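[1] got a sequence here, can you build the structure:
(one chain, ligands or ions: 2)
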Amino acid sequence: MGEKKEKDQKTVAGKKPPQTENIEILLRPKSLEEFVGQAQLKDNLAVYFQAAKKRGEPIDHCLFYAPPGLGKTTLAHILAREMGVNIRVTSGPILTKLGDLAGLLTSLEEGDILFIDEIHRLGRSIEEALYPVMEDFTFYIHTGSRQSGMGSAHLKLAVPKFTLVGATTRAGLLTGPLRDRFGIIGHLGFYGVEEMCQIVLRSSKILGMNLSAEAAGILAGRSRRTPRTANRILKRVRDFACVLTGGEVTADLLKESLRRMEIDDMGLDPMDRRFLLTIIQNYDGGPVGLETLAAGLQEEPDTITDIYEPYLIQEGFIARTSKGRVASPKAFEHLGIKRAVRPVKETSATLFS
Ligand SMILES: Nc1ncnc2c1ncn2[C@@H]1O[C@H](COP(=O)(O)OP(=O)(O)O)[C@@H](O)[C@H]1O
Ligand SMILES: [Mg+2]
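    Ligands and ions are numbered 1, 2, ... in the order given. Alright, predicted model coming up:
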């Protein structure tokens, strides 16, 4: 199967990637060994790969769930490489027509991977068509309808044994029947500072930057424990270095770059601070309901729950309660805001004491 490697890593949209996406591809770890952190998941995947290869079978369907930028897509591509198979890439919002699903399924060879990003956003008819495909590799094509008086019938299409890899920001968004059909469910958590340091050093080498260990350490602590964020900041730091110091990335240059990007010493960006400030100033520290908060921030509720909140919760800046979001004393302190003393009734403070 080895010669199939890299044969067919294209997207369904089939657009030619622009230059900047080439950097993204270069930055992406190519093997489990290169993939930093997530030790438990990686160890388990290595076993599943080996076992599947030994049996000469495709690996079981996999679901990866994690906040954005932690490595779900990267893992799907690594899976294809490690197994030496093709990968077809699509996503829940794009895959709306049963005909497109049929096209994708018929293009697969035995053992191939079909990667569905944002799988929680699949339409119902596609999701239901996937159940028998995932279970016994049969795709049912419905023909005729009761309304047309022809009765309903269906053709059976045998699909080669393949692996479906799904990615989602929250496993809880998947319906039970879909989730149950994945044999492997892997969660990726935020990275430790040490792991972020390794990622930063690895990426900086690929970007041709000569980063000192001190500079890498600073960046590791300010990139929301998220590889994608670290890579994004690194690329901008490279720009600042190119213009301000002729390429050298000193700790001073790095601090200046972060200051200009308005990333503070806890790694929070302007949007994070706006989020915390809104809860504190407009809603007295909370609790405030998600919809209200979203309206106040002029953001979609999903953007809040998927992008902003996970890190702020992980770092203890906010808590999610049944009554809504609550800013923690740490958030007040970080923003230098004194909490108003409130009359004795149940307050959010009790949550953190
Ligand atoms: N474990 C890791 N080690 C090194 N780099 C990583 C790791 N995980 C992610 N990255 C980097 O972060 C970027 C974002 O990862 P990606 O897989 O696209 O995240 P997701 O699909 O979860 O949003 C990748 O392009 C890759 O360069
Ligand atoms: Mg992704």
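[2] spell out which parts of the stretch 201-350 of the chain neighbour ligand 1.
    By the criterion of Cβ under 6 Å from any ligand atom, the positions of the stretch 201-350 of the chain lying close to ligand 1 are 227-228, 231. C-beta: built from backbone N, CA, C; applies to glycine.
[3] now the strands for the stretch 201-350 of the chain?
    Assigned by DSSP state E, counting those that start in this stretch, the stretch 201-350 of the chain shows strands spanning 318-321, 324-327.
[4] residues of the stretch 51-200 of the chain that sit close to ligand 1?
    Close to ligand 1, as judged by Cβ under 6 Å from any ligand atom, the stretch 51-200 of the chain has residues 66, 68-74, 167, 199.
[5] put the buried members of those residues into a ChimeraX selection.
    A single ChimeraX command suffices to select whichever of these are buried according to 16 or more other Cβ atoms under 10 Å:
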select :66,69,70,71,72,73,74,167,199
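[6] and which of the residues of the stretch 51-200 of the chain next to ligand 1 is nearest His120?
    Each of these was scored against His120 by Cβ to Cβ, and Ala167 proved nearest at 9.3 Å.
[7] between the strands of the stretch 201-350 of the chain, which gets nearest to ligand 2?
    The minimum distance between ligand 2 and the strands of the stretch 201-350 of the chain falls on strand 318-321, with 23.7 Å, by Cβ to the ion.
[8] counting contacts, what elements does the closest one pack onto?
    Using 3 or more Cβ pairs under 8 Å, 6 or more residues apart in numbering; DSSP states H and E as the contact definition, the elements that strand 318-321 packs against are helix 309-314, strand 324-327, helix 349-352.
[9] ok, residues contacting it?
    Outside of strand 318-321, the residues within contact range by Cβ atoms under 8 Å, 6 or more residues apart in numbering are 276, 279, 286-287, 309, 312-313, 325-328, 331, 348, 351-352.
[10] output the residues of the stretch 201-350 of the chain next to ligand 1 as JSON lines; include the columns neighbour count and distance to ligand 2.
    As requested, these are exported to JSON lines (neighbours: other Cβ atoms under 10 Å; distance: Cβ to the ion, whole Å):
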{"residue": "Pro227", "neighbour count": "27", "distance to ligand 2": "11"}
{"residue": "Arg228", "neighbour count": "19", "distance to ligand 2": "9"}
{"residue": "Asn231", "neighbour count": "22", "distance to ligand 2": "13"}
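[11] could you list the domains of this structure?
    The chain is divided into the following domains under automatic domain parsing: 2-187, 193-260, 270-352.
[12] mean confidence for stretch 324-343?
    Confidence over stretch 324-343, taken as the mean pLDDT, stands at 89.
[13] flag every buried residue along it.
    Along stretch 324-343, the positions that meet the burial threshold by neighbour count (16+ other Cβ under 10 Å) are 324-332, 334-335, 339.
[14] what is the nearest of those to ligand 1?
    Each of the buried residues of stretch 324-343 was checked against ligand 1 using Cβ to the nearest ligand atom; the closest is Arg325, at 23.3 Å.
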